[in-house]
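**Q** Here is a sequence with its predicted model. Questions after.
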Amino acid sequence: MAKYLLLKHYRGGPEFAGLDFCETPMDQWKPEEVSDHIAFMGDVARQLRERGEFVDAQAVSPEGTFVRFDGEGKPPVTDGPFAETKDLIAGWMVIDVESVERAHEAAALLSSAPGPGGVPIKEWIEVRPFLENPPNMSE
Amino acid sequence: MDQLVRELVPQVLGILVRRGADFAAAEDAVQEALTEAVRRWPDDPPDDPKAWLVTVSWRKFIDAGRSESARRTREERTLEEPAPGPAEEQDDTLLLLFLSCHPSLSPHAAVALTLRAVGGLTTRQIAEAYLVPESTMAQRISRAKRTIAQEGVGTPGDLRRVLTVLYLIFNEGYSGDVDLAAEAIRLTRAMTRASDEPEVAGLLALMLLHHARRDARWAGDGGLVPLAEQDRSRWDTALISEGVAILQSALARDRLGEYQAQAAIAALHCDAASADETDWPQILEWYDELAVLTDSPVVALNRVVALAEVDGPLIGLQELKSVPDAIPRRTAVAAWLHERAGDLDQAADLYAEAAAAASNVAERTHLTRQSARLHSR
């Protein structure tokens, strides 16, 4: 089994010609469409749980700040919050699956969540493998 | 076994502490005895589980002390071991709550320690309820106990602090296999038996009145249902009558406090057969009382809602200006007021803005849906 991080961004991803994805913000959808979308996401998490592949899922707030050390005894330097949320992470899911193909399949399922008119929004999901612990054997 | 053990933990711990055992060491000893009970009871159940736990915990406590300090002789303590007498559980609950909510602890450290020492939950259950690894929670609890050991137990927490910790537990709600709201109610109920301070009763009433509406607050899909739209037939009338009765006897003692005032507001909501029948003028009066008792901006924000219900959204919008911008949910209230005032475009935008600032997923979804409703009209 291998763990993968499925990252969801606030809008964004590669801009391939011909592959359009829904760019209408959710607050412009119909209320039922919002409900259906949320229900779908909940259902995907449930399916992953039932398959024994679910590890964790979290959503994070769009507001956030960059912080760094600025020398002993000084308060940390902060920057932000930023108005542009395009590249920010909206949330993640961690799954533990048999293969990278299975990780892609799960990501594609998430990306097929319905949007306006019940049409899949085809949102980009970034799939990143976890670096694993070294195998436990004598050298 | 779980339920029995949870009732016994604070009793056994109380007995050890009254025998003079140091709180942190006694708590460790009781946890060790519990581990042994889980291993041995299924095959060999004791006749008197409480006596068994007291004996084993006391032995663990002595063993730990012995390995810690060679100066302590074995006879000194084991000979003195008294038989578990008639329990003085009620006094112990209060004593243990005061110890667990020690003023040198942060509220969240106190929450964890209270759930284990008084609630009788295992570290694993508490960790699951707060969605952190078990080792993290174990560490949080042992740091808390170290802090208390260093500060000395001579300065127990004050009542106000205990109530804050219990309310924090209640508000955490429900995740994992432990219902923290129910647990908070159980602990607060135990506390009302040991203290006749009206604010303790006020807090219990407040919890019961909120808890009575819990099922109706959640839609089938996990979404939030606002008070005005809840199916009131799903409210638990038995809990409501109990909450109201407890509140009335607390108010009769004529020492008003924050929790009693909040419970009074919750009771007025519970009393309305439909949202339209809500007695907003009286709710507004209680908010005025509450504003005198606390100068919390959150109270000021909620008062704006009541004021708008009584005097209209324009007065509400006017009053909203006195609430600081950074208060959570202020934008959501602004959106609602604009919608009431007929300014639907601005309301839709404000709902979207409030959704982006929401601190939990259920609220965010709810506000997004409000914005979507107005945008797609």
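**A** Looks like it arrived, so ask away.
**Q** Per-residue pLDDT of whichever residue of the stretch 201-350 of chain B sits closest to chain A, please?
**A** Nearest residue of the stretch 201-350 of chain B to chain A, counting by CB to the nearest CB: B:Asp221, 5.0 Å away. To be clear about C-beta, it is placed using only N, CA and C from the backbone, and glycine gets the same treatment. B:Asp221 carries a pLDDT value of 73.
**Q** quick one: contacts for it?
**A** By CB atoms under 8 Å, 6 or more residues apart in numbering or on different chains, the contact set of B:Asp221 is A:Ser35, A:Ile38, A:Ala39, A:Gly42.
**Q** thought the second one was touching B:His366?
**A** Translated: A:Ile38. No. In terms of CB atoms under 8 Å, A:Ile38 does not count as a neighbour of B:His366; the distance is 10.2 Å.
**Q** Which neighbours do the two have in common?
**A** Residues touching both A:Ile38 and B:His366 by CB under 8 Å, 6+ apart: B:Gly223.
**Q** Tell me the helix or strand right after the host helix or strand of B:Ala300.
**A** For B:Ala300, the host element (DSSP states H and E) is helix B:297-311. Sequence order places helix B:313-320 as the next helix or strand after helix B:297-311, per DSSP H and E.
**Q** pull the longest helix from chain B.
**A** Determined from DSSP state H, the single longest helix within chain B is helix B:49-68.
**Q** likewise chain A?
**A** helix A:31-50.
**Q** circling back to that earlier point, tell me the secondary structure of the residue of the stretch 201-350 of chain B closest to chain A, please.
**A** Look at B:Asp221: counting by DSSP: H, G, I helix; E, B strand; the rest coil, its state is coil.
**Q** For whichever residue of chain A sits closest to chain B, give me its contacts.
**A** Residue of chain A nearest chain B, by CB to the nearest CB: A:Asp27 (3.7 Å). Going by CB under 8 Å, 6+ apart, A:Asp27 touches B:Ala348, B:Tyr351, B:Ala352, B:Ala355, B:Thr368, B:Ser371, B:Ala372, B:His375.
**Q** hang on, the earlier thing: go through the longest helix of chain B and flag the buried ones.
**A** By 16 or more other CB atoms under 10 Å in any protein chain shown, the buried positions in helix B:49-68 come out as B:49-50, B:52-62, B:64-65.
**Q** In terms of secondary structure, what does it contact?
**A** If you count contacts as 3 or more CB pairs under 8 Å, 6 or more residues apart in numbering or on different chains; DSSP states H and E, helix B:49-68 packs onto helix B:2-18, helix B:23-40, helix B:74-78.
**Q** and with 6 Å instead?
**A** Here helix B:49-68 is seen to pack against helix B:2-18, helix B:23-40 when contacts are counted using 3 or more CB pairs under 6 Å, 6 or more residues apart in numbering or on different chains; DSSP states H and E.
**Q** Now the phi/psi pair for A:Thr78, please.
**A** Dihedral angles of A:Thr78 (phi, psi; degrees, to the nearest 10) stand at phi -130, psi 150.
**Q** what about the chain, any weak spots by pLDDT?
**A** Let's take chain A. The model of chain A has pLDDT under 70 over residues A:11-21, A:83-87, A:135-139.
**Q** ah, I was thinking of chain B
**A** Short version for chain B, where the test is pLDDT under 70: B:1, B:68-91, B:152-157, B:173-177.
**Q** Just confirm B:Ala110 contacts B:Leu166, I think it does.
**A** No. Counting by CB atoms under 6 Å, B:Ala110 does not reach B:Leu166; the two are 9.9 Å apart.
**Q** quick one: the strands in the chain?
**A** Using chain A here. Listed in chain order, the strands of chain A (DSSP state E) span A:2-9, A:54-59, A:66-68, A:77-79, A:89-97, A:125-129.
**Q** should've been chain B
**A** Under the criterion DSSP E, chain B carries strands at the ranges B:174-175, B:178-179.
**Q** buried sites along stretch A:108-115?
**A** Neighbour counts over stretch A:108-115 (16+ other CB under 10 Å) mark A:Leu110, A:Ser111, A:Ala113, A:Pro114, A:Gly115 as buried.
**Q** ah, wrong one, I meant stretch B:182-194
**A** Here stretch B:182-194 shows B:Glu183, B:Ala184, B:Ile185, B:Arg186, B:Leu187, B:Thr188, B:Ala190, B:Met191, B:Thr192, B:Ala194 as buried, counting by 16+ other CB under 10 Å.
**Q** repeat for stretch A:31-51
**A** Going by neighbour count (16+ other CB under 10 Å), the buried part of stretch A:31-51 is A:Pro31, A:Glu33, A:Val34, A:Ser35, A:Asp36, A:His37, A:Ile38, A:Ala39, A:Phe40, A:Met41, A:Val44, A:Leu48.
**Q** ok, now stretch B:135-150?
**A** B:Met137, B:Ala138, B:Arg140, B:Ile141, B:Ala144, B:Lys145, B:Thr147, B:Ile148.
**Q** With distance to chain A added, can I get those residues in a markdown table?
**A** Below are the buried residues of stretch B:135-150 laid out as a markdown table (distance: CB to the nearest CB, whole Å):
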| residue | distance to chain A |
| --- | --- |
| B:Met137 | 17 |
| B:Ala138 | 20 |
| B:Arg140 | 20 |
| B:Ile141 | 23 |
| B:Ala144 | 26 |
| B:Lys145 | 29 |
| B:Thr147 | 26 |
| B:Ile148 | 31 |
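**Q** quick check, nearest of these to A:Val97?
**A** Nearest to A:Val97 among the buried residues of stretch B:135-150 is B:Met137, at 28.1 Å by CB to CB.
**Q** returning to what we had before: okay, angle between the longest helix of chain A and strand A:89-97 too, please.
**A** Following axes from the mean of the first three to the mean of the last three CA atoms, to 10 degrees, one obtains 30 degrees for the angle between helix A:31-50 and strand A:89-97.
**Q** Just the angle for helix A:31-50 relative to strand A:54-59, thanks.
**A** Using the same axes, to 10 degrees: helix A:31-50 against strand A:54-59 is 150 degrees.
**Q** what does helix A:31-50 contact?
**A** Under the contact criterion CB atoms under 6 Å, 6 or more residues apart in numbering or on different chains, helix A:31-50 has outside partners A:26, A:54, A:57, A:109-110, A:113-114, A:116, B:221, B:365, B:368-369, B:372-373.
**Q** Can you pick out the ones from those that are in helices?
**A** A:Leu109, A:Leu110, B:Thr365, B:Thr368, B:Arg369, B:Ala372, B:Arg373.
**Q** The closest residue to B:Ala194 other than its chain neighbours: neighbouring residues, count only.
**A** Distances taken as CB to CB, 6 or more residues apart in numbering or on different chains put B:Leu94 closest to B:Ala194, at 4.0 Å, once the chain neighbours are dropped. B:Leu94 has 20 neighbours, counted by other CB atoms under 10 Å in any protein chain shown.
**Q** Could you do B:Ala273 as well?
**A** 9.
**Q** so what's it up against?
**A** By CB under 6 Å, 6+ apart, B:Ala273 lies in contact with nothing.
**Q** try it again with 8 Å
**A** B:Ala273 neighbours (CB under 8 Å, 6+ apart): B:Arg232.
**Q** picking up where we left off before, ok, which of the contacts of A:Asp27 also contact chain A?
**A** Among the contacts of A:Asp27, the ones lying near chain A by CB under 8 Å from any CB of the partner chain are B:Ala348, B:Tyr351, B:Ala352, B:Ala355, B:Thr368, B:Ser371, B:Ala372, B:His375.
**Q** export the residues you listed to JSON lines and tack on neighbour count?
**A** Formatted as JSON lines, those follow (neighbours: other CB atoms under 10 Å in any protein chain shown):
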{"residue": "B:Ala348", "neighbour count": "23"}
{"residue": "B:Tyr351", "neighbour count": "27"}
{"residue": "B:Ala352", "neighbour count": "22"}
{"residue": "B:Ala355", "neighbour count": "25"}
{"residue": "B:Thr368", "neighbour count": "24"}
{"residue": "B:Ser371", "neighbour count": "27"}
{"residue": "B:Ala372", "neighbour count": "26"}
{"residue": "B:His375", "neighbour count": "21"}
